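S.K.: Below is the structure, and that's it, no one-letter string:
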């Protein structure tokens, strides 16, 4: 019983019925003009539906009255946009025809069933009905009283049924085209990728800066040398300034999604990154091969972040140890390797979001990244293709 009566307690059921009755007003006006041609509104619907703006108007009205819960959502099942192709225009025409037919059925059933109920009540109290076929029931008034609610119950059932039919038709004829669905899916995917990228940016940039600052501050506190303390403070200042610039850039991306990514650091600045790590006490042997300035932007930016996270892991988990960094551009690939002696602690250089981010960055570019112990060293090796970037 709840399943049957539930739709009658839902406001959208009656907003859908209102949506069906709206065209009845136009049909009624035409019936006053020419009662012999009730089919003419269906003819007029063809040129009207071919206008691009009509699809927008019908989509907005359908969203408002048929699916109000989806109004304004990017993934709404009913589109609210002008017709962009002839296919969408003809689908709008088909929708108008369906809507007119449903409106005729809704208008007729509303008037006839309501009038029938009124006549049944009139007969039950002794008055004459307006419908001749009910005259024979004047002798059995109790039967008219018994059946008086039946037309209203039928009308309520039609209210729910026709509303569901109209909504299904609107979703099929006014819904987004396959191209629009694919575009919406791509936009959603881009948003998710952008969120993940921003999370990695914050982790790599801010994490690196804090690691360097903590190590420098700790070393300065125990060194007992004014000269070393001054150098440590300078390194902390420079690292903090760069971290603030990265943070400000990421916040701009959050505020304005269409900002270019050209300001992000690239592999050309790898030597500055290495110098920052050297300032924390790490002994880094850097070797670069090939033209880093010719590496495509996406590969160069992600390669920089991979190198940054790798050095951050070394400083955080191994401390001031010898580090070997090899960067090579050859055979249409960017090869990046960072190796350092395994720390004395039984815990390796982490296995959390940092290393996972390295692998994710490589995978997004169609490359591969390996992280883990190898022949007494902790090694990060990333191989990024250069020819898959359009």
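M.R.: Perfect, I can see it now. Given the structure is predicted, the values throughout are model-derived calculations rather than measurements.
S.K.: and residue 244, how many neighbours?
M.R.: Using other C-beta atoms under 10 Å, the number of residues around residue 244 comes to 13. The way it works is simple: take the backbone N, C-alpha and C, and place the C-beta from them, glycine included.
S.K.: Quickly find the element holding it.
M.R.: helix 226-255 (DSSP states H and E).
S.K.: helix or strand right after that helix?
M.R.: helix 270-278.
S.K.: Go through that following helix and flag the buried ones.
M.R.: 270, 273-274, 276-278 (16 or more other C-beta atoms under 10 Å).
S.K.: pLDDT score assigned to residue 164?
M.R.: On the pLDDT scale, residue 164 is placed at 90.
S.K.: for residue 368, same thing?
M.R.: For residue 368, the model assigns a pLDDT of 90.
S.K.: what pairs with it across the strands?
M.R.: For residue 368, the beta-bridge partners are residue 383 (DSSP bridges).
S.K.: That one touches residue 362, doesn't it?
M.R.: Yes. Using C-beta atoms under 8 Å, residue 368 makes contact with residue 362 at a distance of 5.7 Å.
S.K.: If we ignore the residues flanking it in sequence, what's nearest residue 291?
M.R.: Leaving aside its sequence neighbours, residue 291 sits nearest to residue 329 (C-beta to C-beta, 6 or more residues apart in numbering; 6.0 Å).
S.K.: about what we covered before: closest one of the buried residues of helix 270-278 to residue 155?
M.R.: Proximity of those to residue 155 (C-beta to C-beta) peaks at residue 273, which lies at 74.5 Å.
S.K.: which residues sit in contact with the closest one?
M.R.: 265, 304, 307-308, 311 (C-beta atoms under 8 Å, 6 or more residues apart in numbering).
S.K.: quick one: residue 15 and residue 63, what's the gap?
M.R.: 11 Å (C-beta to C-beta, to the nearest Å).
S.K.: Ok, residue 244 next?
M.R.: The value you get for residue 244 to residue 63, if C-beta to C-beta is used, is 44 Å.
S.K.: same deal with residue 95?
M.R.: Residue 95 is 13 Å from residue 63, by C-beta to C-beta.
S.K.: All the helices of the chain, in order from the start?
M.R.: Using DSSP state H, the helices found in the chain span residues 2-5, 11-33, 40-49, 52-65, 86-124, 141-147, 149-173, 178-223, 226-255, 270-278, 297-317, 353-364.
S.K.: from those, which stretch is densest packed?
M.R.: Neighbour counts (mean count of other C-beta atoms under 10 Å) averaged over each of the helices of the chain peak at helix 297-317, with a mean of 23.
S.K.: What is the burial count for residue 335?
M.R.: Neighbours of residue 335 using other C-beta under 10 Å come to 18.
S.K.: Mind listing the residues bridging to it?
M.R.: residue 328, residue 383.
S.K.: Surely it touches residue 383?
M.R.: Yes. Look at residue 335 against residue 383 with C-beta under 8 Å: they come within range, at 5.6 Å.
S.K.: which residues make contact with stretch 315-325 from outside it?
M.R.: So stretch 315-325 is in contact with 211-212, 215, 274, 277, 280-287, 307, 311, 314, 337-343, 345, 347-350, 378, going by C-beta under 8 Å, 6+ apart.
S.K.: Test my guess that residue 386 contacts residue 295.
M.R.: Yes. In this structure, residue 386 is within contact of residue 295 by C-beta under 8 Å, at 6.5 Å.
S.K.: roughly how far apart are the closest residue to residue 37 other than its chain neighbours and residue 36?
M.R.: The shortest distance from residue 37 to any residue other than its chain neighbours is 7.9 Å, reached at residue 30 (C-beta to C-beta, 6+ apart). Residue 30 sits 11 Å away from residue 36, going by C-beta to C-beta.
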